[in-house]
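Asks: Give me a 3D structure for the following:
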Amino acid sequence: MGKAPSHTPLQTPPRAPAQTPPQTPGYAFGTASGAEAGAAHRSEQYRWLAAAYDAATFDRLASAGVGPGWRCLEIGAGGGTVAHWLAERAAPGGHVTATDLAPQHIAPRPGLTTLTHDVSRDPLPEAAYDLIVARLVLQHVPDRVEVLAKLVRALAPGGLLHIEEFDTSYEPPLLTPDEESARDYEAFLAAKCAVFRAAGGDPHWGRQVPSALRHAGLTDIDVRPRIELRTADSPGLRLQLNHTYQLEERLLAEGLTPRQLSRVRDLMRDPSFRAASSVLYTVQGRRPGRGAAA
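Replies: Okay, here's the model as predicted:
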């Protein structure tokens with residue numbers, strides 16, 4: 001896109017100070033943990049997310065033409081690897097705003113503003129961004145349809161919305177040492193799905209993203225599904241293993257037994273284990289109107 005107008009950083013209303021970062025019922029993982037173990041699990045989660053998905057995300061964004069002068073917003077920026085990549089691509093003349101419920105994991109750098117922001121409650125400027133990225137965010141947000149409409153309004157005419165979401169309805173075990181191990185893994189997947197739904201999420205929402213973008217008024221809808229093999233040394237399965245620790249109390253509350261949880265962890269570390277990943281949908285849509293891209 002062409003040279004961007006001056007950027008006004010997103011502002012959020014002031015809030016009363018809290019002793020710990022707020023927990024939101026719309027996010028099964030919470031926001032942050034004051035415990036050392038919880039903070040370590042969160043950092044590990046971001047590391048495996050980046051290892052598993054950054055390369056494909058960067059490839060899709062690069063093919064969309066992200067470059068100098070672009071005004072970009074990433075919601076739910078997590079560890080900040082996507083925001084940092086965008087800031088490098090948007091320079092010179094562009095700017096990236098990265099928001100999260102707990103943005104302390106995002107390292108500072110030129111051309112990047114980080115903000116504590118709840119996309120369900122806090123406002124966004126309208127017609128302000130050439131690109132908005134939401135990776136693995138909206139499936140956790142109970143009011144995702146309303147939030148999607150807010151994101152569309154925040155796009156400048158001709159701006160691009162980039163969404164990545166899972167559909168976890170398909171992620172079966174393929175090779176396990178025995179039938180009990182397969183049942184344990186399936187029980188874990190079912191409990192994890194129940195945890196997300198109890199928090200207001202929809203772990204199958206990925207398949208609905210293309211039609212949701214069309215109903216929100218976007219055009220040029222581009223859908224790319226992706227499925228992978230999960231093995232003990234794959235980042236995607238290491239992320240699943242991380243979830244057994246981050247969500248342990250909630251998984252047990254949904255009926256997974258301590259023995260099953262222990263066996264699932266052992267299974268995920270077994271070099272012979274094979275499973276199909278869930279389907280990751282990467283979907284892009286454009287707000288109608290005259291954009292600066294040729």
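
Asks: Let me see the contact set for Arg265.
Replies: Arg265 makes contacts with 241, 244, as judged by CB atoms under 8 Å, 6 or more residues apart in numbering. No exception for glycine: its C-beta is placed from N, CA and C like everyone else's.

Asks: Would you pull up how far the strand ranked longest in the chain lies from the middle of the chain?
Replies: Longest strand in the chain, counting residues (DSSP state E): strand 155-167. Mean C-alpha position of strand 155-167 versus that of the full chain (CA atoms, centre = their mean, to the nearest Å) differs by 13 Å.

Asks: And the one helix or strand Lys192 maps to, what does it pack against?
Replies: Lys192 belongs to helix 179-198 when assigned by DSSP states H and E. Here helix 179-198 touches strand 173-175, helix 248-253, helix 258-268, going by 3 or more CB pairs under 8 Å, 6 or more residues apart in numbering; DSSP states H and E.

Asks: between these, which gets nearest to Val119?
Replies: helix 248-253 (22.4 Å; CB to CB).

Asks: Dump that closest one to PDB, restricted to CA.
Replies: Extracted in PDB, the C-alpha atoms of helix 248-253 (Å, rounded to 0.1, in the frame of the first residue of the first chain):
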ATOM      1  CA  GLU A 248      -4.500 -29.200  34.100                       C
ATOM      2  CA  GLU A 249      -7.100 -28.100  36.800                       C
ATOM      3  CA  ARG A 250      -9.800 -27.400  34.100                       C
ATOM      4  CA  LEU A 251      -9.100 -30.700  32.300                       C
ATOM      5  CA  LEU A 252      -9.500 -32.600  35.600                       C
ATOM      6  CA  ALA A 253     -12.700 -30.700  36.300                       C
END
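
Asks: Contacts for it next, please.
Replies: Contacts of helix 248-253 (CB under 8 Å, 6+ apart): 28, 188, 191-192, 195, 198, 244, 258, 261.

Asks: Mind listing what's buried along it?
Replies: 250-251 (16 or more other CB atoms under 10 Å).

Asks: And stretch 206-214, by the same measure?
Replies: For stretch 206-214, by 16+ other CB under 10 Å, it's 206-210, 212-213.

Asks: In TSV: these, plus distance to Pro92.
Replies: Below are those laid out as TSV (distance: CB to CB, whole Å):
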residue	distance to Pro92
Gly206	35
Arg207	39
Gln208	38
Val209	33
Pro210	34
Ala212	35
Leu213	31
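
Asks: So the residue sitting furthest away from the middle of the chain versus Glu171, what's the distance?
Replies: Computed with CA atoms, centre = their mean, the residue of the chain farthest from its C-alpha average is Asp178, at 33.3 Å. Per CB to CB, to the nearest Å, Asp178 is found 19 Å from Glu171.

Asks: re earlier: which residues belonging to the helix holding Lys192 are considered buried?
Replies: So, applying 16+ other CB under 10 Å, buried residues of helix 179-198: 181-182, 184-185, 187-189, 191-196.

Asks: about what we covered before: give the buried residues for the longest strand of the chain.
Replies: Result for strand 155-167 [16+ other CB under 10 Å]: buried residues 155-156, 159-167.

Asks: Stretch 104-123 too?
Replies: 105-106, 111-120, 122.

Asks: In strands, which of the residues you listed appear?
Replies: Filtering the buried residues of stretch 104-123 for strands - DSSP E - leaves 112-116.

Asks: ok, back up a step: nearest to Tyr281, of the helices and strands packed on helix 179-198?
Replies: strand 173-175 (21.3 Å).

Asks: mean confidence for the longest strand of the chain?
Replies: Regarding strand 155-167, the rounded mean pLDDT is 98.

Asks: Listing partners with orientation, what would you give for that strand?
Replies: Its sheet considered, strand 155-167 pairs with strand 129-135 (parallel), strand 279-286 (antiparallel) by DSSP bridges.

Asks: Looking at Ala187 now. What's its pLDDT?
Replies: pLDDT, Ala187: 98.

Asks: Tell me the spacing between it and Arg207.
Replies: Ala187 sits 23 Å away from Arg207, going by CB to CB.

Asks: Please name every helix or strand in contact with the worst-scoring helix or strand of the chain on mean pLDDT.
Replies: Using mean pLDDT, DSSP states H and E, the weakest-scoring helix or strand in the chain turns out to be helix 36-63, at a mean of 91. Contact here means 3+ CB pairs under 8 Å, 6+ apart; on that basis helix 36-63 packs against helix 81-90, strand 129-135, strand 155-167, helix 235-246, strand 279-286.

Asks: Since that was my last question, I'll sign off now.
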